[in-house]
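J.: I'd like to go over a predicted model; first the sequence, then the structure.
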Protein chains: 2
Amino acid sequence: MATVDTSVSPPARVADPGEGISLDELRLAARNHGMPLEALRYDVTPVGLHYLLIHYDIPYLDPGGWRLRIDGHVRQPLTLDLAELQARPQVTQRVTMECAGNGRARLDPRPISQPWLDEAVGTAEWTGTPLAPLLREAGIRDGGADVAFTGADHGVERGVEQDYTRGLPLAEALREDVLLVHTMNGQPLPPQHGAPVRLLVPGWYGMAQVKWLVRVSVLDTPFQGFQNATAYRIKQGPDDVGEPVTRIRPRALMRPPGFPDFQTRERVVDRGVHELIGRAWSGRGAVTRVEVSADGGATWSAAELDPQPGRYAWRSWRWTWHAQEPGRHELCVRARDAAGDVQPVEQPWNRQGMANNQVQRVPVLVR
Amino acid sequence: MATVDTSVSPPARVADPGEGISLDELRLAARNHGMPLEALRYDVTPVGLHYLLIHYDIPYLDPGGWRLRIDGHVRQPLTLDLAELQARPQVTQRVTMECAGNGRARLDPRPISQPWLDEAVGTAEWTGTPLAPLLREAGIRDGGADVAFTGADHGVERGVEQDYTRGLPLAEALREDVLLVHTMNGQPLPPQHGAPVRLLVPGWYGMAQVKWLVRVSVLDTPFQGFQNATAYRIKQGPDDVGEPVTRIRPRALMRPPGFPDFQTRERVVDRGVHELIGRAWSGRGAVTRVEVSADGGATWSAAELDPQPGRYAWRSWRWTWHAQEPGRHELCVRARDAAGDVQPVEQPWNRQGMANNQVQRVPVLVR
């Protein structure tokens, strides 16, 4: 395992009290981006509005030269090219994807990493072929534990040089809805979303959806690579082992009403009746309830829910706000899922800002 | 002219010495985005990688209901729908577009606004119909001065509520290469790039390329709206009138070599020979020379230039770097254009961080 100088690749840290956003965080925010929240109007997020988190650089893979290797603890390693993958049975699924670090920059103290506020989410129609039949064709040998998925993106993180690689429990990799996808919203996967092929693990945070996929390797031991053992863990202190980040916790977002100020992004609405709309999702169970507060979280009312459009796609909600009182108001929304999880009003702080789902807060001036 | 409370819509300001990036700036950076610099490999920037700066919210305009009004100081006001616009002569042009605020967050002291580093650029194949014949059909009356272009995006900026509107001198609006575009890279304009129709003024910074265009109005006096009279001006003090921001100043960017650290985005390369590649552009004249420095700007060497692919599209360059000495190096690149402008090595500071084109600096660790 190669290592790199800590002056280039420093250890993780948490911001000092009152410390502004650093230039390191800005470099990440300038290239990665969230979904502008007005795009909550779309059932399927148009390409270019879907959130994007790229660990290193976007690699260029010639689709004609691309090969996927399936190997490791199998009887018969396989190699597929893109035409072979596309000649197999094809499935299209609408799936909501969210970055595990969403909400991180709202934490206090703030973990230093990609500084998401609320908008690291998007929903796409993903088309590809199921992975499980390919793993069965390769013939998993007894004692398979995890499957390691490797992308072509290369970089260094906290001193550890690596091709981005994530391990997934074998039982999850064998789910029939786990796909090798080459098409997004009916178009070839764009470079920034993993062209020519990425992994899709519906219900899991984005770190599992390995982009620029080139290798699928069955392991007979739990995967201990950086992205599972170090990066994507929920921990309190720097030396905690922590818990792995897995499925998406429930979250609801609203399209902020009215119009914004350019600089502060704060909202202005006219006094009157406003229909608030938004979406809610969870990777742990269907969304069962969405509640809205127009008084900063003091009181809550149930929103109206549209039908759930597939198990892993966000669900629409709407709520009528009678904005009578001129002045400042704070709108909040929270979701509950069938697993019984509900979004917390107070921050669920952890040192890396992972799987954070505190409620959205939208300050609004009524005039 | 409606105004809004300064607590929601504050006046312009410059950061205090040592002040970190503010939450206001982060809110903008989380939704707008630059072009990841590795995308300099593409002649035409894939959708979703092209830079994006949206003043307010992305409005939704039903393409079937969209109408463009051409009016003002004309003999015969016109109204066009999308089918009529698409039935007119169509032109496709490859044009590089850059935000006037590119480089702002590298200035010291830092103007508070969208905090761009170097990457607010992109090149697309834009398709649409020339504006000039439509203006001639409407019949410009004697004494026409500016043309005001209004988008459907509504917001407030420094207290001034507005639909985004920009004025352009009549002579520029009558250039044959100024287009009303509906197609980007062969696909319908995405929502975030101004669907269904935006203005294209090749060679000018992005603020002139009005998105979600709904009205073109010929004026018999110079346009005095906010975006021309206040926002997009080069000024030193808060009360200066300043100079208007117009055409793009020359700039070259390199694709950073090697691989990055996730957090710092700093680069690591192996000792040896590296071909550096990048692009250069100017809205004021053809790019005539690109120079690279491998020692932080102390010495410069000419890069090799590919042919210029059209007047307003970026030009490719390449330069071979013999990275012999292990340790820290700083790579720089600068462009010169036929108008005689060359990028400055020292910052050309101005209070709003407009039309800033100081040279790119890429720190690299050679190992």
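T.: Structure received.
J.: contacting residues around residue A:6?
T.: Shown in contact with residue A:6 (C-beta atoms under 8 Å, 6 or more residues apart in numbering or on different chains): residue A:159. Glycine gets a C-beta too; all of them are placed from N, C-alpha and C.
J.: So which residues on the stretch 151-300 of chain A come close to chain B?
T.: For the stretch 151-300 of chain A, the residues in contact with chain B (C-beta under 8 Å from any C-beta of the partner chain) are A:154-158, A:161, A:190-193, A:256, A:259-266, A:268.
J.: Okay, and which of these map to strands?
T.: Judged by DSSP state E, these include A:154, A:155, A:156, A:157, A:161, A:259, A:260, A:268 as members of strands.
J.: returning to that earlier point: in PyMOL, how would I select just the buried ones from the residues of the stretch 151-300 of chain A next to chain B?
T.: Burial among those is assessed by 16 or more other C-beta atoms under 10 Å in any protein chain shown; the matching PyMOL selection reads:
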select buried, chain A and resi 154+155+156+157+158+161+190+191+192+193+256+259+260+261+262+263+264+265+266+268
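J.: ok, back up a step: of the ones in strands among the residues of the stretch 151-300 of chain A next to chain B, which pair is most distant in space?
T.: The span of those, defined through C-beta to C-beta, is set by A:161 and A:268 at 48.9 Å.
J.: Could you check which residue of chain A lies nearest chain B?
T.: residue A:20 (1.6 Å; C-beta to the nearest C-beta).
J.: how much space between the closest residue to that residue other than its chain neighbours and residue B:26?
T.: In this structure, residue A:20 finds its nearest non-sequential neighbour in residue B:20, 1.6 Å apart by C-beta to C-beta, 6 or more residues apart in numbering or on different chains. Per C-beta to C-beta, to the nearest Å, residue B:20 is found 10 Å from residue B:26.
J.: Common neighbours of those two, please.
T.: Common contacts of residue B:20 and residue B:26, defined by C-beta under 8 Å, 6+ apart, comprise residue A:21.
J.: ok, back up a step: is it correct that the residue nearest to residue A:20 is in contact with residue A:16?
T.: No - applying C-beta atoms under 8 Å as the test, residue B:20 and residue A:16 come out as separate, 10.0 Å apart.
J.: neighbour-wise, which of the two wins?
T.: With neighbours defined as other C-beta atoms under 10 Å in any protein chain shown, residue B:20 and residue A:16 compare such that residue B:20 has more, 20 against 10.
J.: got the contact list for that one?
T.: A:19, A:20, A:21, A:22.
J.: Now do it, the pLDDT please.
T.: At residue B:20, the pLDDT value in this model is 91.
J.: same deal with residue A:97?
T.: With respect to pLDDT, residue A:97 has a value of 98.
J.: I'd like to know the beta-bridge partner residues of it.
T.: Judged by DSSP bridges, the bridge partners of residue A:97 are residue A:122.
J.: any idea how far the residue of chain A closest to chain B lies from residue A:112?
T.: 12 Å.
J.: what about stretch A:128-147, how long is it end to end?
T.: With C-alpha to C-alpha, to the nearest Å as the measure, stretch A:128-147 spans 19 Å from end to end.
J.: roughly how far is it from the heart of the chain?
T.: Its chain's C-alpha centre and that of stretch A:128-147 lie 24 Å apart, by C-alpha atoms, centre = their mean, to the nearest Å.
J.: Report the buried residues of it.
T.: Buried residues in stretch A:128-147, counted by 16+ other C-beta under 10 Å: A:128, A:129, A:130, A:131, A:134, A:135, A:138, A:140, A:144, A:146, A:147.
J.: Return the per-residue confidence for the fifth one.
T.: Residue A:134 is assigned a predicted lDDT (pLDDT) of 98.
J.: Which secondary structure state is assigned to it?
T.: Put simply, residue A:134 is helix when judged by DSSP: H, G, I helix; E, B strand; the rest coil.
J.: list the contacts for it?
T.: Going by C-beta under 8 Å, 6+ apart, residue A:134 touches A:70, A:78, A:80, A:88, A:180, A:216.
J.: mind putting the residues you listed in JSON lines, distance to residue A:105 and pLDDT included?
T.: JSON lines is the format used below for the contacts of residue A:134 (distance: C-beta to C-beta, whole Å; pLDDT from 0 to 100):
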{"residue": "A:70", "distance to residue A:105": "38", "pLDDT": "98"}
{"residue": "A:78", "distance to residue A:105": "42", "pLDDT": "98"}
{"residue": "A:80", "distance to residue A:105": "40", "pLDDT": "98"}
{"residue": "A:88", "distance to residue A:105": "41", "pLDDT": "98"}
{"residue": "A:180", "distance to residue A:105": "33", "pLDDT": "98"}
{"residue": "A:216", "distance to residue A:105": "34", "pLDDT": "98"}
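J.: Mind giving me the PyMOL command for buried ones among these?
T.: Buried members of the contacts of residue A:134, defined by 16+ other C-beta under 10 Å, are picked up in PyMOL with:
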select buried, chain A and resi 70+78+80+180+216
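J.: could you dump stretch A:199-207 to PDB, C-alpha only?
T.: C-alpha atoms of stretch A:199-207 as PDB (Å, rounded to 0.1, in the frame of the first residue of the first chain):
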ATOM      1  CA  LEU A 199     -22.700  -0.300 -10.000                       C
ATOM      2  CA  LEU A 200     -26.300   0.400  -8.700                       C
ATOM      3  CA  VAL A 201     -27.200  -0.900  -5.200                       C
ATOM      4  CA  PRO A 202     -30.700   0.600  -4.600                       C
ATOM      5  CA  GLY A 203     -31.200   1.900  -1.100                       C
ATOM      6  CA  TRP A 204     -27.600   2.400  -0.200                       C
ATOM      7  CA  TYR A 205     -25.800   5.700   0.000                       C
ATOM      8  CA  GLY A 206     -23.700   6.800  -3.000                       C
ATOM      9  CA  MET A 207     -20.400   5.400  -1.800                       C
END
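J.: Name the residues that touch that stretch?
T.: Contacts with stretch A:199-207, where a contact means C-beta under 8 Å, 6+ apart, come from A:51, A:53, A:93, A:95, A:97-100, A:120, A:126, A:128, A:131, A:149, A:166, A:168, A:172, A:175, A:177-181, A:208-211, A:213, A:227, A:231-232, A:245-248, A:283-284, A:311-312, A:355.
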